[in-house]
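A.B. asks: sequence and predicted structure below; questions after.
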Amino acid sequence: MILLWLILLPFVGGLVALFSGRLGDRWSRSVSLVTMVIHLGLVVVAWIGCFTQAAGAHQGPWLLEMRLPWIDQAGISFHLAVDGMSLLLVSLASFLGTMAVLASWTEIKERAGLFHFNLLWCLSGIVGVFLAVDLFLFYFLWELMLVPMYFLIALWGHENRAAAATKFFIFTQLSGLFMLASILGLYFAHGQATGRYTFDYPALVAQPLASIPATLLFLGFLAAFAVKLPAVPLHTWLPDAHTEAPTAGSILLAGLLLKTGAYGLIRFALPLFPHVVAHFAGIGMVVGVIGILYGAILAFVQTDLKRLVAYTSVSHMGFVLLAIAAGNELALEGAIIQMISHGLSTGALFALAGALQERTRTRDLRDLGGLWLQTPRLGGAVLFFALASLGLPGLGNFVGEFLIFLGAFHVSISLTVVAVSGLIASSLYSLTMVQKVFFGPSRNDTKICDLSVCEMAGLGAAMAALLWIGLYPNVCIRETARSLNYIANSLYTQATAARTAHTPPHMNDESFVFLTDGKP
Amino acid sequence: MPLIITGLTAIIIVVAIAIRRNHRLIFLLSLAGLGAALFSIFPVLSSVPQRVTLLFTVDRFGLFYTGLIIASTFVVCLLSYDYMNLHLENLEEYYLLLLLATVGAIVITVATHFVSFFIGLEILSVSLYTLIAYQRMDMRHIEGGFKYLILSMVASSFLLFGIALIYMRTGAMDFSEVAHVLQGSKDLAATAGTVMVVVAIGFKLALVPFHMWAPDVFEGSSSPVAAFLATCSKGALFAIMLRYFSSIKMGDNTPLAMILTLIAVASMFAGNLLALFEDNLKRLLAYSSIAHFGYLLVAFLSTGSLKGLAVAYYLVAYFVSILGAFGVVTVLSGRARDADTIEDYYGLSSEHPWLAGILTASLLSLAGIPLSAGFMGKFYVMSAGIQANLWFLVIILVVNSALGLFYYLRIIAAMYVLPPGRRLSRAPALMGTVVLTALFLLILLLGVYPASVTGFMETVALR
């Protein structure tokens, strides 16, 4: 039941926020914050539940599972489940959601009720995407993320918001419809082969498909996830959407929506179409590397602060794409850690950019400079997260990127070498960003105040999380290893019988377990 | 039975108007009649199918579509009351005409013979001519009515000619006996006859290339009449198309299937592309309606178990969403003119947030966004299409759905983003708002829990 509440709570909270908005903006903000705090509590309870359960023997890959019948004749059920990977992403969602609510405390001054309604419903959709295990439900919640985010950008965004919001919506909706066609194709193919029509993910994983239909169906899924990820030719919605969105919108976009694309690839595309993925692995890795370098170079030349951070997202998700295309367990572990750390660091960077914009009324780097003297705390926070973003050892991003490089190295040495140069590029843009905003001559005469205590508290939590992942990643790795083991195994065995509990592989930098070098 | 009750109500209204002119009385009478007709469907359900004279067959399929039409007319009636109050003359005949048009539509849904088809079509059309041109002092209405009159008469003559050709070849006019003609025989007369029947039906459904009348007529008629046009007249014709073509399997590459595929693709593209340039809401909804019937044709062209369910569900979802959209236009309209330009909707969310929300939900349902009935409908249509391996059509459907988003989003954005302009009427009517709320809830219900109606719909499918 707790899984259902993880989705329903923001849903209901959004409705309450909308109606309490009539009473006044403060009410809706408070309702929103309370909802998110309770949500965080639920996530903690879920973790505790998983840990207490972990003592016993495990059947199957899921830590928690829930299933309700929905549209039985079509084989659709309301099937939610978590394993380590999804639970980590849900925790990220909850945390970033809270941060988003806090970040928009002073920024949103009109129609706050509607704003928080959209924010919480978007979050509900995101959490649902991480929890859904029935393909129809997954698609339903995938689309549910889009409309509130469209409204967030279109109503409370910055100058160019209408165009950015429309572009975002059309891109993601069109690719989502292709995914729907693929889902339906998979449904019918499975049904015709086995006589059992179902949208249920565990059932569909065991189904082998002939190569041509499998490739086409995979391309449908790939369309949706590649647009979300974003993979380089399809990324053009991202800079506009991130820049024009309000702070909370940017945090959700960069921190969570991009991860849903990667999550979809790992959870659905990889296990359902293993041979096709192996086939496309080379192209995928090249696209990933192109994304890394392209994003980094474009970030370096930006003059708009938020646009710069947006392009860094393109670059970092290029790492994730590289890892997924490489396909071995090591790289996938790195991908998940990279996803979480990137979510934390970029979310925080967007929150700080928003704070900066609120204070100085500008995002243009040419108008900023020398702010360290006035706002050392703000500067320190930005410096911290910029260092995280560039992959400083000791922080989470480094662990992720390092594991990705290790994994990709087994598949293609040359591409890994090119990708590593992305690290240099990322230092370029991160340090230039900090330099232009906080150091150098001051071009702005306005008096601005430093970060307040609540802001520092939220950012402090993000810093602590990044440090923890960076210095002691074993907990994350252990949790994800079990789920990835399942995925990696289902890649190469067809129908899996009930699997007995197994000890998760012990991970440290020297010894590693890998099942494949990306080719069947 | 529902047919009889509706007809009786029309006659009672004629007498009532002769006795005493009172808008509210006539309104309540027509509501009562329609309500009685709707409820009379349920006891009848158990004793079907039944053949009534040579002309009609009342079966679950016909009763379902009859019920749908009566329910839509009921909603249109409710929405028209306050709208008509703004225009001060000769209000009562409006309801009479509306009921007569409903009678015609019901006749079409239960017809299994060319004669009854034609009779129903003519009753529906003639009533519509007058309904469209109802505000006879306004040039646009007369223009719309005239356009519809001329083109509809041409379509009816096509239909007659087609019927005559088929009769010449087969010596019969009953659908079941005529069925073998549809198999695509080499006979020129029979084929020409079938094509002409398709032309006539295509006109009424506003499918490409017979769609040119739709935007002008929709713009020229008053909003409730436009709502009626978009729902009942199209729904009835679609029902009879299903019935007429039910004897042949669409799947094999018959010439008929190829023609219909072409029409479907053209309708989807034309509807969506032409709507992109529209600023007038009624014209935009007309084009959207053209596109939606293109999507419906995809389901129509499918073979397999999902066809009946897909078509029925999509029609219901379409009815509810279009009624919602036109309903908001009606409720916001004023005496001078209807609320049909997009400037009338600027900033609607700050003045009438509830109405803006309902229009948003209706438009999102038309666009096919999850949580709404339109998404479920589109999902079923896509399933039916994929089940029949109509991959080309499904991809076109997907692309067009995305195209459609452009103009729906433009209206939605205008409602929320832009500052408000001048409003046409002072306050939206209460009854209209209640009706729209009910439609809104229905959109949500059908979007989230389709199992509530799909069980019934599966029994409705033909054969």
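C.D. replies: That came through fine.
A.B. asks: can we go C-alpha only for contacts and neighbour counts from here?
C.D. replies: OK.
A.B. asks: what does chain A have sitting close to chain B?
C.D. replies: With C-alpha under 8 Å from any C-alpha of the partner chain as the criterion, chain A comes near chain B at residues A:70-71, A:140, A:143-144, A:154-155, A:162, A:166, A:170, A:173-174, A:177-178, A:181, A:184-185, A:188.
A.B. asks: and B:Glu219, what does it touch?
C.D. replies: Taking C-alpha atoms under 8 Å, 6 or more residues apart in numbering or on different chains, we find B:Glu219 in contact with B:Gly144, B:Ala226, B:Asn280, B:Lys282, B:Arg283.
A.B. asks: on that earlier part again, sitting in strands, which of the residues of chain A next to chain B do you find?
C.D. replies: Secondary structure defined by DSSP state E assigns A:Trp70, A:Ile71 of the residues of chain A next to chain B to strands.
A.B. asks: in helices, which of the residues of chain A next to chain B fall?
C.D. replies: Members of those lying in helices (criterion: DSSP state H): A:140, A:143-144, A:154-155, A:162, A:166, A:170, A:173-174, A:177-178, A:181, A:184-185, A:188.
A.B. asks: picking that back up, most neighbours of all the contacts of B:Glu219, which one?
C.D. replies: B:Lys282 (30 neighbours; other C-alpha atoms under 10 Å in any protein chain shown).
A.B. asks: contacts only, for it.
C.D. replies: Here B:Lys282 is in contact with B:Pro215, B:Phe218, B:Glu219, B:Ser223, B:Phe326, B:Asp340 (C-alpha under 8 Å, 6+ apart).
A.B. asks: same thing with B:Ala111?
C.D. replies: B:Leu55, B:Phe56, B:Thr57, B:Phe117, B:Ile240.
A.B. asks: which of these lies closest to A:Phe78?
C.D. replies: Using C-alpha to C-alpha, B:Ile240 comes nearest to A:Phe78 of the contacts of B:Ala111, at 37.1 Å.
A.B. asks: please pull up the helix or strand immediately following the helix or strand where that closest one lies.
C.D. replies: Element membership of B:Ile240 [criterion: DSSP states H and E] is helix B:234-244. Next in sequence after helix B:234-244, counting helices and strands by DSSP H and E, comes helix B:255-275.
A.B. asks: restricted to helices, list the contacts of B:Glu219.
C.D. replies: Counted as lying in helices by DSSP H, out of those, are B:Gly144, B:Ala226, B:Lys282, B:Arg283.
A.B. asks: make JSON lines out of those residues and add distance to B:Met431 and pLDDT.
C.D. replies: As requested, those are exported to JSON lines (distance: C-alpha to C-alpha, whole Å; pLDDT from 0 to 100):
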{"residue": "B:Gly144", "distance to B:Met431": "28", "pLDDT": "87"}
{"residue": "B:Ala226", "distance to B:Met431": "19", "pLDDT": "90"}
{"residue": "B:Lys282", "distance to B:Met431": "22", "pLDDT": "89"}
{"residue": "B:Arg283", "distance to B:Met431": "25", "pLDDT": "90"}
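A.B. asks: related to what we said a few turns ago, only the buried subset of the contacts of B:Lys282, as a PyMOL command please.
C.D. replies: This is how PyMOL selects the buried members of the contacts of B:Lys282, with burial counted by 16 or more other C-alpha atoms under 10 Å in any protein chain shown:
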select buried, chain B and resi 215+218+219+223+326+340
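A.B. asks: which two in the contacts of B:Lys282 are spaced the farthest apart?
C.D. replies: B:Pro215 and B:Phe326 (13.9 Å).
A.B. asks: can you pull out the low-pLDDT segments for chain B?
C.D. replies: B:1-2, B:20-21, B:46-52, B:54, B:88-90, B:177-186, B:247-253, B:335-337, B:421-428, B:460-463 (pLDDT under 70).
A.B. asks: try the stretch 351-500 of chain A
C.D. replies: A:444-445, A:486-500.
A.B. asks: and the strands in it?
C.D. replies: Using DSSP state E, counting those that start in this stretch, the stretch 351-500 of chain A contains no strands.
A.B. asks: list the buried residues of stretch A:413-425.
C.D. replies: Within stretch A:413-425, the residues that count as buried by 16+ other C-alpha under 10 Å are A:Leu415, A:Thr416, A:Ala419, A:Val420, A:Gly422, A:Leu423, A:Ala425.
A.B. asks: which bits of chain B sit near chain A?
C.D. replies: So chain B meets chain A at B:369-371, B:382-383, B:386-387, B:394-395, B:398-399, B:401-402, B:405-406, B:409, B:413, B:416-417, B:449-451 (C-alpha under 8 Å from any C-alpha).
A.B. asks: so of those, which ones are in helices?
C.D. replies: Short answer: these in helices (DSSP H) are B:382-383, B:386-387, B:394-395, B:398-399, B:401-402, B:405-406, B:409, B:413, B:416-417, B:451.
A.B. asks: before we move on, the earlier item: dump the buried residues of stretch A:413-425 into CSV; add distance to A:Asp450 as well.
C.D. replies: Below are these laid out as CSV (distance: C-alpha to C-alpha, whole Å):
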residue, distance to A:Asp450
A:Leu415, 43
A:Thr416, 41
A:Ala419, 37
A:Val420, 36
A:Gly422, 33
A:Leu423, 31
A:Ala425, 30
